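A.B. asks: model the structure of this input:
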Amino acid sequence: MAAGWWVLIGIGGCLLLLAVFDLLQRQHSILRIFPVIGHLRFIFESFGPEFRQYIVTSNDEERPFSRNDRRWIYATAKRENASFGFGTDAEFERSPGYLLISPAGFAAPPPEGGDPDDWPLPSAKVLGGPRGRSQAFRPASVVNISGMSFGALSARAVESLNAGAALAGCLHNTGEGGLAPSHLQGGELVMQFGSGWFGARDAAGRLDLPRLVDLVGEHPVRAIELKLSQGAKPNAGGLLPGAKVTPEVARIRGVQPGVDCMSPARNPEFADVDALLDVVERIAEATGLPVGIKSAVGAPDIWADLARHMEGGVRGVDFITVDGGEGGTGSGPLAFVDHVGLPYRLAQARAFRAFAERGIQHRVTWIGSGRLGLPAEALMAFALGADMVNVGREAMLSIGCVQAQRCHTGRCPSGVATQSPWRQRGIDPALKSVRAASYIIGLRRDITRLARATGVGHPSQVTLDHIEVLEGDVLTPVAERFGLRPDWAVP
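C.D. replies: Residues are numbered from 1 along each chain as shown. Have a look, this model is predicted:
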């Protein structure tokens, strides 16, 4: 046999061995799904900075998360070196609304002893405490995992996130897709219900309160969230494509398999604030759990109306999750994604101001959501009045998401947002849960460090005086920019 044939046989044998290794290894989702050719991604990624420097994009141009953002999240999740060398490449003057955190003359002292990763960072407020809920509690972490439904995410992704929440000591929001076995890996839950009432619906798709009580009573649910709308597509409702509605997803949601699963744009149980509060109090009385709402923000009248109804103290929500328009979604109409609903900073300021003007902002736990999984953005949320932040897409990145933006197709290349058994096998929950936890812990650590740099010991003590916004070469105080008083947010 000619020497050339032996060379080809040798190359083929090496590729076969590499394919077998890729299929069996557990470190990289991409390689488990795309053996051999998946290495091209890592090769191209390693040359990415050089390619972008000359012919593609800069480290800060990509959206929704830049290369620098993703690099920090990946490195933090893997407990690798997350530092950056040779100074910043941010163009301050060309970045509208660029955040500048004001360091104090003397930083706050750290807690005595221990590793920074082990510093506790509980919520400054007791969730459900002001309204006297029997199951009120103080969340152990100010950083928690946002609502991403089983069905939109794969079973292995949900399993990884919930086990990671248990390791990090944070809460895991179920999303509106019902409570799946994947949610029961040790992490405590915030049970979310949307207009479809999945998991607690009757045959007509309405709320079945006894079923809801049984559901939360049998599982580690610490709070209930009623989703009014989503920041990425306010008042558009929700759609899980039929390709993602597997028999398991259908069983958990109580719908037909293989058929598009719709969440109506309007909840059948309430159409105004008065009716909403009736539902909130019914659920709270039946379960004893804190009950809150999640909503995008647009017209200010609903927030003024909600604050007015709560001022007397008879009825009210325990928490409000403000979802910014830059938040993510598995699928949404482009016009809604780009143009409907306020970005988080404006949204938080508008909703918070309605309560602060009546002096009742501290009766509510405020939760921020919408691209807040980066330390500086999270600190800005605290300055605007948030007590906690939820992270969604950043948590997905920590378990292997590569921002392919194919969530709506069912063909996610990393196995995170798909129901394909073959693609899901790229995720090893035992490994990815540790990475999710490491990311949450790392984010808490860096938020704490930023807060201490301003001279305070907890991010809830950060005020609007600690942050300024740069527009060109003009510094604008945040309080002035958003029409808030610096003392409103401090408990």
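
A.B. asks: what's the spacing between residue 280 and residue 226?
C.D. replies: Separation of residue 280 from residue 226 (C-beta to C-beta, to the nearest Å): 7 Å. For the C-beta atoms, the positions are set from N, CA and C on the backbone; glycine is no exception.

A.B. asks: which residues in the stretch 351-491 of the chain form strands?
C.D. replies: 365-369, 388-391, 467-471, 474-477 (DSSP state E, counting those that start in this stretch).

A.B. asks: lowest average confidence across the ones you listed, which one?
C.D. replies: Lowest mean pLDDT within the strands of the stretch 351-491 of the chain: strand 474-477, a mean of 80.

A.B. asks: which residue, other than its chain neighbours, is closest to residue 155?
C.D. replies: In this structure, residue 155 finds its nearest non-sequential neighbour in residue 182, 4.6 Å apart by C-beta to C-beta, 6 or more residues apart in numbering.

A.B. asks: before we move on, what SS does the one you found have?
C.D. replies: Three-state assignment for residue 182 (DSSP: H, G, I helix; E, B strand; the rest coil): helix.

A.B. asks: residues in contact with it?
C.D. replies: Neighbour list for residue 182: 150, 155-156, 158-159, 162 [criterion: C-beta atoms under 8 Å, 6 or more residues apart in numbering].

A.B. asks: which members of those residues occur in strands, if any?
C.D. replies: Counting by DSSP state E, the contacts of residue 182 place none of their members in strands.

A.B. asks: from those residues, pick the one nearest residue 67.
C.D. replies: Distance to residue 67 across those (C-beta to C-beta) is lowest for residue 156, with 26.1 Å.

A.B. asks: what's the single longest helix in the protein?
C.D. replies: Taking DSSP state H as the criterion, the chain has its longest helix at helix 429-453.

A.B. asks: which helices and strands sit right next to that helix?
C.D. replies: Judged by 3 or more C-beta pairs under 8 Å, 6 or more residues apart in numbering; DSSP states H and E, helix 429-453 is in contact with helix 67-77, strand 143-145, helix 155-168, helix 375-383, helix 393-398.

A.B. asks: filter the contacts of residue 182 to the buried ones?
C.D. replies: Buried subset of the contacts of residue 182 (neighbour count, 16 or more other C-beta atoms under 10 Å): 150, 155-156, 158-159, 162.

A.B. asks: now distance to residue 209 and pLDDT too, for the residues you listed, in JSON lines please.
C.D. replies: Below are the buried ones among the contacts of residue 182 laid out as JSON lines (distance: C-beta to C-beta, whole Å; pLDDT from 0 to 100):
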{"residue": "150", "distance to residue 209": "22", "pLDDT": "87"}
{"residue": "155", "distance to residue 209": "28", "pLDDT": "92"}
{"residue": "156", "distance to residue 209": "32", "pLDDT": "95"}
{"residue": "158", "distance to residue 209": "26", "pLDDT": "96"}
{"residue": "159", "distance to residue 209": "29", "pLDDT": "97"}
{"residue": "162", "distance to residue 209": "26", "pLDDT": "98"}
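
A.B. asks: circling back: what sits in contact with each of residue 280 and residue 226?
C.D. replies: 291, 293.

A.B. asks: more neighbours, the two?
C.D. replies: Remark: of residue 280 and residue 226, residue 226 carries more neighbours, 25 against 21, as counted by other C-beta atoms under 10 Å.

A.B. asks: could you find the closest non-adjacent residue to the more buried one?
C.D. replies: Using C-beta to C-beta, 6+ apart, the nearest residue to residue 226 is residue 293, at 5.1 Å.
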